[in-house]
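1. what shape does this take:
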Amino acid sequence: RRLSDGEKRRVAIHESGHAIVASHCEHADPVHKISIVPRGRAALGYTLQFPAEDQYLKTEDELLDQLRSLLGGRAAEELVLGEVSTGAENDLERATVIARQIICFYGMGESVGLTHCGSRQLPVYLTGTDYGGAQLDCSDETARQIDLEIRHIVETAHKTATDLIQANRDKLEIMTEALMKYET
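-> The predicted model follows:
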């Protein structure tokens, strides 16, 4: 697929945002490659991160830095372009799933404490419900508290990503221009 120059620049800003935030988060996986060459039907660009070594467990700090990195693309679009696009859809979906897992599966949230209140979900076509990777096993009130905490976690991660982009705006501009020129 061919992107217009405006779309190509937006994707370059978005992917640069992911990379800038990841590189400034102590517990984020290192960035290995950034590309604005469209792949398949969905991905208009990507930022490839790999852990430095095999890892079987994640700490809360690592999960939160992963959230911050995911939201770096949207934060960059907001700051540089003054508006967001649909390009962050998958990032938002993944961030929401991670936040829900932090709370419901890993006992790292406040709303349910050490209670495990979810199970891995069967495909939507079998259950008719979709709660972001989890089938909730709790009261409606607890589910509401979980939703509020998910929102808080994601919004806090977005604020941190925005602050990191603002503090490194010069690097974002340099990276964006390099991506526009070399594409990868």
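2. CA only for contacts and neighbour counts going forward, please
-> Noted.
3. list the contacts for the residue positioned nearest the centre of the chain?
-> When the chain is reduced to its mean C-alpha position, the closest residue under Cα atoms, centre = their mean turns out to be residue 70, at 2.1 Å. When contacts are counted by Cα atoms under 8 Å, 6 or more residues apart in numbering, residue 70 touches 18, 91, 92, 94, 95.
4. in what helix or strand does it lie?
-> Per DSSP states H and E, residue 70 falls inside helix 60-81.
5. cool, residue 90 as well?
-> Judged by DSSP H and E, residue 90 forms part of helix 89-104.
6. got the angle between that helix and helix 60-81?
-> 150 degrees (axes from the mean of the first three to the mean of the last three Cα atoms, to 10 degrees).
7. buried residues, helix 89-104. List them.
-> For helix 89-104, the neighbour count (16 or more other Cα atoms under 10 Å) marks 91-92, 94-104 as buried.
8. could you export that helix as CSV, CA atoms only?
-> Provided in CSV are the C-alpha atoms of helix 89-104 (Å, rounded to 0.1, in the frame of the first residue of the first chain):
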residue,chain,number,x,y,z
GLU,A,89,-6.5,1.4,17.9
ASN,A,90,-4.4,-1.8,18.4
ASP,A,91,-2.2,0.0,21.0
LEU,A,92,-5.2,1.0,23.0
GLU,A,93,-6.6,-2.5,22.8
ARG,A,94,-3.4,-4.0,24.0
ALA,A,95,-2.9,-1.4,26.8
THR,A,96,-6.4,-2.1,28.1
VAL,A,97,-5.8,-5.9,28.1
ILE,A,98,-2.6,-5.5,30.0
ALA,A,99,-4.2,-3.1,32.5
ARG,A,100,-7.0,-5.6,33.0
GLN,A,101,-4.5,-8.4,33.6
ILE,A,102,-2.6,-6.3,36.1
ILE,A,103,-5.8,-6.0,38.1
CYS,A,104,-7.7,-9.2,37.6
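9. re the thing from before, quick one: the helix holding residue 70 to chain centroid distance?
-> Chain-centre distance of helix 60-81: 6 Å, with Cα atoms, centre = their mean, to the nearest Å.
10. check which residues of it are buried.
-> The neighbour-count check on helix 60-81 (16+ other Cα under 10 Å) flags 62-80 as buried.
11. so which bits of the one helix or strand residue 15 maps to are buried?
-> Here residue 15 sits within helix 5-23, counting by DSSP H and E. Using 16+ other Cα under 10 Å as the test for burial, helix 5-23 gives 8-23.
12. likewise for stretch 29-44?
-> Within stretch 29-44, the residues scored as buried using 16+ other Cα under 10 Å are 29, 30, 31, 34, 35, 36, 37, 38, 44.
13. now what about that stretch, what contacts it?
-> Residues outside stretch 29-44 that contact it (Cα under 8 Å, 6+ apart) are 1-2, 8, 11-12, 15-16, 19, 22-23, 45-52, 66, 179, 183-184.
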